[in-house]
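J.: the sequence isn't on hand, but the structure is:
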């Protein structure tokens, strides 16, 4: 069978070719959106690295984390931001490792403090009340 050429007005429309200007705008929007997400993640890991985790900060972060959901993005992270995202991920892992070690140390200190308090607390004598008369 030979291919039949249809007149131009009877051809089926093919897939639309992307408009370069629209594609560039979409790419810029993706970079802007992902940059905002990475900025927030970088700020959070920066706080953890700086050791600025006071009880008030921890309470604030715990509240923020309990309601945090991953951002809904229209597409994958742009190639231009992949290296930055990997760097932030590495920093998060390092901070998590350091905080885990600090948590273990704090638990040991708290346990030791409990032992000292138990050994040095003033022992009160038992008091009995005669209710029978």
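T.: That came through, no problem. Bear in mind the structure is a predicted one, so any value in this text is a computation, not a measurement.

J.: alpha carbons only for contacts and neighbour counts from here, please
T.: OK.

J.: give me the low-pLDDT residue ranges for the protein?
T.: Residues of the chain meeting the criterion pLDDT under 70: 1-25, 52-54, 61-62, 64-66, 68, 133.

J.: nearest residue to the middle of it?
T.: The residue lying closest to the centre of the chain (Cα atoms, centre = their mean) is residue 41, at 6.0 Å.

J.: check which helix or strand covers that one.
T.: Element membership for residue 41, per DSSP states H and E: helix 20-50.

J.: the residue nearest to the centre of the chain and residue 125, how far apart?
T.: 56 Å (Cα to Cα, to the nearest Å).

J.: what do you get for residue 90?
T.: 57 Å.

J.: try residue 47
T.: 49 Å.

J.: stretch 41-50: which residues count as buried?
T.: Within stretch 41-50, the residues scored as buried using 16 or more other Cα atoms under 10 Å are 42, 45, 46, 48, 49.

J.: same thing with stretch 80-89?
T.: Buried residues in stretch 80-89, defined by neighbour count with 16+ other Cα under 10 Å: 85, 88.

J.: make 36 the first number, not 1, from now on.
T.: OK, 36 is where the count begins now, so the last one is stretch 115-124.

J.: and the longest helix anywhere in the chain, what does it pack onto?
T.: As assigned by DSSP state H, the longest helix anywhere in the chain is helix 114-155. For helix 114-155, the elements it packs on are helix 55-85, judged by 3 or more Cα pairs under 8 Å, 6 or more residues apart in numbering; DSSP states H and E.
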